[in-house]
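A.B. asks: here is a sequence with its predicted model. Questions after.
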Amino acid sequence: MSQGARHVQVIVAMGASTGGPAAFAAILRDLPVLDGCAVMIAQHLPAAFTASFAERLNRESAWAVGEARDGDLVEPGQCYVAPGGKRTEILQSGMELRCAVRPPAPQDVYLPSIDALFASVARVRGVRAVGVLLTGMGRDGVEGLRAIREAGGFTIAEAAETAVVDGMPRRAREAGWVDETVALHDIAARLAEICRVGR
C-alpha cells in the first residue's frame, strides 16, 4: 500500500468488538477518501479472520484497505486493519509513520488491543488524532480514548441506540473521555467534517 511520500495530517483510529465488522463496513462505505487522512482499525478478531475482514472492507469502500504488516509506511488514503493475535502500534520517526506489529504484551487482554493502538496514535506529534470507539463489551479502548483526548485529539463514542453492545462506548462516556456521542449512521459524515477542519 504505497502512494509515495505524502505525509499524513490526520489519523482516524477506530476500535470495536462485538458487532464491529458490520459497523466498520457501514462507516467506510459512507466515508470519502479524505486528503491527508489515514485510518487505523482494531477489531477484536482471531488471527485467521483479520485478513479476510480487511479484504471485505477494501471491496466495499473507496479506501485502500489492507491488513497492517510490521514496517508498513502509514500513508494518506490508506486504511490499515490490525492483525488478530498481535499488538499493532504506530511508531514515528520525524514525519514518517510506520506500523509496528508485535507479539502481545502481558497486559493485552483483548487482541488486537484497541488501547495499545489508540495510545500509540496519541503519542504521534504533528498529526491530528481522532479516536472512535464503537460497539463492544468490556473496556478495551477506554484508556486509549483518554490518551487521545488528553493529547489534544478528538474523541467519538458510538451512541447506545445503534451499538450492538454498548459496553465499551458507555464506559468511555461515563469516564468523561468522549467529545461527542454519534449514532453509527452519522459517524462517517462527522468524521469527514472533523478531518477537513483538521487539515
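C.D. replies: Thanks, I have it.

A.B. asks: elements contacting the longest helix along the chain?
C.D. replies: As assigned by DSSP state H, the longest helix anywhere in the chain is helix 184-197. Applying 3 or more CB pairs under 8 Å, 6 or more residues apart in numbering; DSSP states H and E, we find helix 184-197 packed against strand 10-16, helix 20-30, strand 128-133, strand 154-158. The way it works is simple: take the backbone N, C-alpha and C, and place the C-beta from them, glycine included.

A.B. asks: Q78: which of those is closest?
C.D. replies: Nearest of those to Q78, taken as CB to CB: strand 10-16 at 10.7 Å.

A.B. asks: in the protein, where is pLDDT below threshold?
C.D. replies: Low-confidence segments of the chain, defined by pLDDT under 70: 1-5, 197-199.

A.B. asks: which residues in it form helices?
C.D. replies: Here the chain has its helices, by DSSP H, at 20-30, 50-60, 114-123, 142-150, 167-175, 184-197.

A.B. asks: so who does Y110 touch?
C.D. replies: Counting by CB atoms under 8 Å, 6 or more residues apart in numbering, Y110 makes contact with 17, 44, 138, 140.

A.B. asks: what's in contact with stretch 91-101?
C.D. replies: Under the contact criterion CB under 8 Å, 6+ apart, stretch 91-101 has outside partners 7-8, 11, 38, 68-74, 80, 82-83, 86-90, 120, 123-127.

A.B. asks: narrow those residues to those that are buried.
C.D. replies: Those of these that meet the buried threshold are 8, 11, 38, 68, 72-74, 80, 82-83, 86-90, 120, 124, 127, by 16 or more other CB atoms under 10 Å.

A.B. asks: how close does V121 get to I194?
C.D. replies: 14 Å (CB to CB, to the nearest Å).

A.B. asks: now tabulate the helices of the chain in CSV and tack on distance to P106.
C.D. replies: Shown next, in CSV, are those (distance: least, CB to CB, whole Å):
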stretch, distance to P106
helix 20-30, 24
helix 50-60, 22
helix 114-123, 12
helix 142-150, 16
helix 167-175, 21
helix 184-197, 33
